[in-house]
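>>> please work out how this folds:
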Amino acid sequence: MIETGHVITLVCFGIVLWGWQDSLRARERAIAAARHTCREAGFQFLDQTVMIARVGLGQRRTGGIGIRRTYRFEFSAEGSDRHQGRAILIGQQVVSIQLDPPSGLVIS
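Okay, the predicted model is just below:
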């Protein structure tokens, strides 16, 4: 017979594993969205990665609640400068990409 403690341990392990996999998928989507946005704007996506900045809850466009993740990344306009950008996801959906352009540079 399986003990209750073992069942609880397995369920907790499953939840942690699901959360880890979900976070990895969201991070990969954020990287792809940041890379695409930088390329379209004519910028260089630096370090080829994003860093988690904030985690919370947010409302999905289709209704319901999802995990809202804000990732930071850096990009360059000229190759020798570094500027901040943000990718915001709710669940696995990219809802916003923001680039903080250098002073005097207009993104069109």
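>>> buried set for the host helix or strand of Ile88?
Assigned by DSSP states H and E, Ile88 belongs to strand 83-90. Judged by neighbour count (16 or more other Cβ atoms under 10 Å), strand 83-90 contains these buried residues: His83, Gly85, Arg86, Ala87, Ile88, Leu89, Ile90. For every residue, glycine as well, the C-beta is placed using N, CA and C.
>>> how far does it sit from its chain's centre?
Taking Cα atoms, centre = their mean, to the nearest Å, one finds the center of strand 83-90 at 7 Å from the center of the full chain.
>>> check stretch 94-101 too.
The chain centre lies 11 Å from the centre of stretch 94-101; the measure is Cα atoms, centre = their mean.
>>> tell me which residues in it are buried?
So, applying 16+ other Cβ under 10 Å, buried residues of stretch 94-101: Val94, Ile97, Leu99.
>>> for those residues, give me JSON lines that also has secondary structure and pLDDT.
Converted to JSON lines, the buried residues of stretch 94-101 look like this (DSSP: H, G, I helix; E, B strand; the rest coil; pLDDT from 0 to 100):
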{"residue": "Val94", "secondary structure": "strand", "pLDDT": "95"}
{"residue": "Ile97", "secondary structure": "strand", "pLDDT": "95"}
{"residue": "Leu99", "secondary structure": "strand", "pLDDT": "93"}
